[in-house]
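J.: Output the structure for:
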Amino acid sequence: MHLEKPGAGRPTPPVPRPSRRQPDAAGEGCLVVAIRLPVRIVVFLVVLPVRLVWDACAVAARWLERTVFRPLGRALLWAGRAVFVWPLAGLWRYVLVPLGRALAWLGNLAVVAPAGRLYRYVLVPLGHALVRLYAHVLTPFGHGVTWVLRGIVAVCAAIGLGVFAALARLTRYLVVVPCAWVYRWVLTPVGRAAVRCAKGLARLVDVLVTGVGTGLYRITRILLVLPLLAVWRWVLAPVGRVLAVVAREIRSALGHAWRITGYVSLAVGRFVRALVRWTVVEPARLVYAHVLTPVGHVVRDVVLRPAAAAGRAVGRAVRQSLASARATLRQARAGLRRTLVGGRRPAPVEDRREPIGADTRTLGSSTTALTKD
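T.: Sure, this is the predicted structure:
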């Protein structure tokens, strides 16, 4: 028995999703189709030089960054380290740190230790003395002053309550009762009459304002709103839709043109690189490899090396001639000196050995075998 439904094990084919960038051509109007191709052609012609210049500037910037700015930055970094970092580090390590340690030692010796001794041996005993003075002298005196002040305050409060009660009764019968009578029998009727007059006047103004406002509303609607609404509906809205379509197509054309000109710029760059390579680099390499290198080897083997060997031989001969001439000149000068002045007398040779034989020996003379000649 087949328990599964037919086609249950087959994978469900994916549903193609509509592209968001390119709307369906069937849902577009004839105006969009008529505008798209000319706009894209014009935008492509405008964007192509910009993209070529942009890519050329990008290549030049990368080359400058690799050959100029990066070595310059490294040199500036090294110079900055040599001018600022290393002197400041040496100043910190060999000047400021020892100076700070010396100042800390002097501060500890001149300020901290005396302050600690002052606190321990002067301020602490003085504080203990003040605490004892407060506990045994000032506290009882304060309690007595507080009891006296409480009595004075109680007396003053009793007198003040009597005076306040008398003033309260006088104020009630002389001020409050007359004011309440005037408010009830004079101000209240006058206020009610004024409120009724104000309500009637407000109703009259409301009726006048409502009538005038209705008339102005109808006049404004007929003379301004309806014409502006018609202009918006039948003129501005269609023009805005057309302009929106044109702007959307221009934006889309800019995107397509930028991508397409990227491929064109890449192809142009590759063509220029190949052209430079095959017209300049390869001929130069071939000339260097097959012409200049053999010629240089021939010149080196036939001309330069023999010339160098001959130069070295000539130099050795010249040096030998100069050495023999110097030796001859030195001998002639010595002979002339002997002829005119005479030879140098030999220096007398002093015999510094100990006396031999029967010479008299004193001060430590010995006949032992170690000192005997």
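
J.: Flag the shaky bits of this protein, pLDDT-wise.
T.: Applying pLDDT under 70 to the chain picks out residues 1-33, 341-373.

J.: for it, what spans make up the helices?
T.: Applying DSSP state H to the chain gives helices spanning 30-64, 70-80, 86-91, 97-107, 113-118, 124-133, 139-171, 177-182, 188-220, 226-231, 237-276, 282-287, 293-299, 305-340.

J.: Mean neighbour count for the ones you listed - can I get that in a markdown table?
T.: Any C-beta I mention is one placed from the backbone N, CA and C, and that applies to glycine too. Output for these, formatted as a markdown table (neighbours: other C-beta atoms under 10 Å):
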| stretch | mean neighbour count |
| --- | --- |
| helix 30-64 | 14 |
| helix 70-80 | 11 |
| helix 86-91 | 11 |
| helix 97-107 | 10 |
| helix 113-118 | 11 |
| helix 124-133 | 10 |
| helix 139-171 | 10 |
| helix 177-182 | 10 |
| helix 188-220 | 10 |
| helix 226-231 | 11 |
| helix 237-276 | 14 |
| helix 282-287 | 11 |
| helix 293-299 | 11 |
| helix 305-340 | 10 |
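
J.: how much space between Leu72 and Pro125?
T.: 72 Å (C-beta to C-beta, to the nearest Å).

J.: no no, Ala317
T.: For Ala317, the distance to Pro125 equals 105 Å [C-beta to C-beta].

J.: same thing with Gly144?
T.: Gly144 sits 29 Å away from Pro125, going by C-beta to C-beta.

J.: again, but for Trp181
T.: Between Trp181 and Pro125 the distance, using C-beta to C-beta, works out to 77 Å.

J.: ditto for Gly116
T.: Distance of Gly116 to Pro125, given as C-beta to C-beta: 15 Å.

J.: cool, and Gly80?
T.: From Gly80 across to Pro125, the span is 60 Å (C-beta to C-beta).

J.: Over to Pro71?
T.: Pro71 is 74 Å from Pro125, where distance means C-beta to C-beta.

J.: List the contacts of Arg51.
T.: Taking C-beta atoms under 8 Å, 6 or more residues apart in numbering as the criterion, Arg51 is in contact with 258, 261-262, 264-265.

J.: mind redoing it with 7 Å?
T.: For Arg51, the contacting residues are 258, 261-262, 265, by C-beta atoms under 7 Å, 6 or more residues apart in numbering.

J.: and which of the residues you listed is nearest to Cys156?
T.: Of all the contacts of Arg51, Trp258 has the smallest distance to Cys156: 95.3 Å, by C-beta to C-beta.

J.: got the contact list for the nearest residue to that closest one once chain neighbours are set aside?
T.: Here the nearest residue to Trp258 in space, its sequence neighbours aside, is Val47; by C-beta to C-beta, 6 or more residues apart in numbering that works out to 6.0 Å. By C-beta under 7 Å, 6+ apart, the contact list for Val47 reads 254, 257-258, 261.

J.: Then Val303?
T.: With C-beta under 7 Å, 6+ apart, Val303 has no contacts at all.

J.: how much space is there between it and Ala309?
T.: Val303 sits 11 Å away from Ala309 when distances are taken as C-beta to C-beta.

J.: same thing with Ala56?
T.: 54 Å.

J.: How about Val177?
T.: Note on Val177: its distance to Ala309, by C-beta to C-beta, is 145 Å.

J.: Next: Leu329.
T.: 30 Å.

J.: Could you do Arg196 as well?
T.: To Ala309, Arg196 is 138 Å away according to C-beta to C-beta.
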